[in-house]
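Trainee: Structure for this input, please:
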Amino acid sequence: MSTFADLRSAIETRRAQVGVIGMGYVGLPMLARAGNVGFNVLGFDISAERIASINEGVSYIGDVPSSDLAALRNNKLIEATAQFERLRDCDIIIICMPTPLNEARDPDMSYIESATNEIAARLRPGQLIILESTTYPGTTVEVLKPAFDACNLSVGEDYFLAFSPERIDPGSVNFKVHNIPKVVGGVTPQCNELTSLFYGHIVTAVTEVSSPAAAEMTKLFENIFRNVNIALVNELTLICDRMGLNVWEIIDAAATKPFGFMRFTPGPGLGGHCIPLDPFYLAWKARHYDISARFIELAGEINLTMPRFVRDRISHALNDQERSIKGSTVVLLGVAYKKDIDDYRESPIFKVMDLLAADGANVYCCDPHITVFYDHHNHEYQTVPLTDELLQQAHCTVIVTDHSAFDYAKIVEQSRVVVDTRNATREVKTHREKIRLL
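Mentor: The predicted structure follows:
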């Protein structure tokens, strides 16, 4: 049998050994899902803590229950390791590495390049490599393929290569790995076929596109769509503030239209690994084609202004008490970038904290899902318990993330003034005079 036929048979019967590089918010759910459908899965990571946790059947990510990992470990379907030599044993290798921006806001490809080099050093015939990391169009063919071709193997014949973007929605109740459709772009038709066959075991639906670049662009478009529309509603918020209008009332009214309108809401800034970063990947790539992505870059600029707008709202709330930010105690509620999760990557709270600290405020952070967090410089911060005493002592309470665990009626009752960046207090009926919305 041919290499293609052998690998296809192994995938069809779930005999294929799966390897997942990167045991973070994307990689760990994929490891668990592939194990749950019957594949043997190796998880690769350089973190000794993550490896030990997985091998003990203990999850460190909310979307993956520890009971699932423990059952998979007991059935010997999953294992975590730092021994990249074991990539040779894998028939399918999925790259789930981060793709941050550098200080110039250009794509930092070092994590993907490192994973690529680890695979290339051990590449053998009969392996399928899938990149899931969000990146700019062209990465799969321009970065991964040359490294693998240098091993004197032919793509589509000896080894197989594709891009299939992750679509993880942390904290979602309705959407998990299994029921989020997959987009697949293989380098060759054979690559597409094998990748689609594999994901057919993992998810409910697979859509094939013509190339890895088309799949890479699809992922960016999905997130840029959200970025641009959030920027639009954030700009509307700034205009409404100047005009003395309640932007939340206007959004609610517009949302009654049954067609031609999609509801987006303002906030203190963007967070997470995708939406704040992805537009810059495409803007960077567009410059290589002498195209200025003005619309996309403008949306990014507008969203980046929101933490400063929040700082200004805090300042106005304190001015009403004849206080300045300097020397005032400000309590920030919610460190995570979205409600009911423990993920604080790119959270807008960091910029808000920096602005308040620069103005001399005493800042305290509360989050029911996070006890310790780190900024980009790896500085450690501790959250504090949310108590009546803390709220009563604070000169201003700021709702940054609208966690369900917060008792908003009590927060408003106990606080002197509340700056609500999420309209989380919409159902609070009493003490409305204390609330300052965006």
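Trainee: list the buried ones in the helix or strand hosting Ser196?
Mentor: Using DSSP states H and E, the secondary-structure element containing Ser196 is helix 189-202. Buried residues in helix 189-202, counted by 16 or more other CB atoms under 10 Å: Gln190, Cys191, Asn192, Glu193, Leu194, Thr195, Ser196, Leu197, Phe198, Tyr199, His201, Ile202. Any C-beta I mention is one placed from the backbone N, CA and C, and that applies to glycine too.
Trainee: May I ask which two of these are separated the most?
Mentor: Gln190 and Ile202 (19.3 Å; CB to CB).
Trainee: Could I get the buried residues of helix 189-202 in a markdown table, plus columns for pLDDT and distance to Leu77?
Mentor: Compiled in a markdown table, the buried residues of helix 189-202 are given as follows (pLDDT from 0 to 100; distance: CB to CB, whole Å):
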| residue | pLDDT | distance to Leu77 |
| --- | --- | --- |
| Gln190 | 98 | 28 |
| Cys191 | 98 | 26 |
| Asn192 | 98 | 27 |
| Glu193 | 98 | 25 |
| Leu194 | 98 | 21 |
| Thr195 | 98 | 21 |
| Ser196 | 98 | 23 |
| Leu197 | 98 | 20 |
| Phe198 | 98 | 16 |
| Tyr199 | 98 | 18 |
| His201 | 98 | 13 |
| Ile202 | 98 | 14 |
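Trainee: got JSON lines for these, with distance to Glu413 too?
Mentor: Compiled in JSON lines, the buried residues of helix 189-202 are given as follows (distance: CB to CB, whole Å):
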{"residue": "Gln190", "distance to Glu413": "64"}
{"residue": "Cys191", "distance to Glu413": "60"}
{"residue": "Asn192", "distance to Glu413": "58"}
{"residue": "Glu193", "distance to Glu413": "61"}
{"residue": "Leu194", "distance to Glu413": "59"}
{"residue": "Thr195", "distance to Glu413": "55"}
{"residue": "Ser196", "distance to Glu413": "55"}
{"residue": "Leu197", "distance to Glu413": "58"}
{"residue": "Phe198", "distance to Glu413": "54"}
{"residue": "Tyr199", "distance to Glu413": "50"}
{"residue": "His201", "distance to Glu413": "52"}
{"residue": "Ile202", "distance to Glu413": "48"}
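Trainee: quick one: the helices in the stretch 301-438 of the chain?
Mentor: 306-319, 349-358, 388-393, 408-414 (DSSP state H, counting those that start in this stretch).
Trainee: For Ala52, which of the ones you listed is the nearest?
Mentor: helix 349-358 (28.9 Å).
Trainee: circling back to that earlier point, what element comes up after the helix holding Ser196 heading to the C-terminus?
Mentor: Per DSSP H and E, the first helix or strand lying C-terminal to helix 189-202 is strand 206-208.
Trainee: Going by neighbour count, list what's buried in that following strand.
Mentor: Val206, Glu208.
Trainee: so after that strand, what's the next helix or strand?
Mentor: helix 212-243.
Trainee: And that following helix, what does it pack against?
Mentor: strand 159-163, strand 182-186, helix 247-254, helix 278-287, helix 294-304, helix 306-319 (3 or more CB pairs under 8 Å, 6 or more residues apart in numbering; DSSP states H and E).
Trainee: Good, wrapping up.
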